[in-house]
Each structure stands twice: as structure tokens, then as C-alpha cells.
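Enquirer: next comes the sequence, and after it the predicted model I'd like to discuss.
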Amino acid sequence: MEPVSLPLNERLDLTRMLLQKAARLLQQRRSQHWGEAAEQTLQALKAALRAFLIFHDVPLSKKAPLRRYWQCAVPLASSLELFANPRRIWKS
């Protein structure tokens, strides 16, 4: 499990590194077959969510499933909640 609390400067460095990793993974997917590209895209999404959680000082194992990353991220950002439940957007 990740440390519960990292100093802000370390969280920012780790966040930056993970977002750069996500960008690299998305660049790599362009030259691959569909299945490999899909896997790279999921890895990029997980890296980006992990960066978001680390920035918010949420401890979560690297080995946690993508669904768990998403579940931890949704309460932290109201904009993510809209994407998690798109039906809310269209209710009048």
C-alpha cells in the first residue's frame, strides 16, 4: 500500500511522473493492434487516476483494480461523478 501521507512536493512529483506515463502509453497505442491499444489505453487511464489519487493523498495499492481506483476518485471530484452516472446530466 502507498504511504498514507506524502509531503506535497513528493505528491506533485509523483503525480507529474504518472501523468507523463499516461501520455506515453497513449502515444504508444497508436502503433499497435486494437487489443494492445485497448490495454495501453486502460493502463494510461489507471496511471492518470492513480496520479489524481496520489495528489489527493489517497492510499491505494498499485495492484488495485481499475474499478477501485475509479471508486476512490469519484467522491473527490464532482466532475468525475457526472461521468460515472451520465443519466444525472440529462434529468430535468
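Expert: On my side now, so go ahead.
Enquirer: confidence-wise, which helix or strand of the protein is lowest on average?
Expert: Counting by mean pLDDT, DSSP states H and E, the chain has its least confident helix or strand at helix 87-90, which shows a mean of 50.
Enquirer: what about the helices in the chain?
Expert: All helices of the chain, identified by DSSP state H, fall at 8-28, 34-55, 66-73, 78-84, 87-90.
Enquirer: return the most buried member of those helices.
Expert: Across those, averaging neighbours per residue (mean count of other Cβ atoms under 10 Å) puts helix 34-55 on top, at a mean of 17. (C-beta placed from N, C-alpha, C; glycine too.)
Enquirer: could you name the helices and strands sitting against it?
Expert: helix 8-28, helix 66-73 (3 or more Cβ pairs under 8 Å, 6 or more residues apart in numbering; DSSP states H and E).
Enquirer: mind checking pLDDT for the residue nearest to the spatial centre of the chain?
Expert: In the chain, the C-alpha nearest the mean C-alpha coordinate belongs to Leu49, at 1.2 Å (Cα atoms, centre = their mean). With respect to pLDDT, Leu49 scores 91.
Enquirer: tell me who's in contact with it.
Expert: Leu66, Tyr69, Trp70, Ala73 (Cβ atoms under 8 Å, 6 or more residues apart in numbering).
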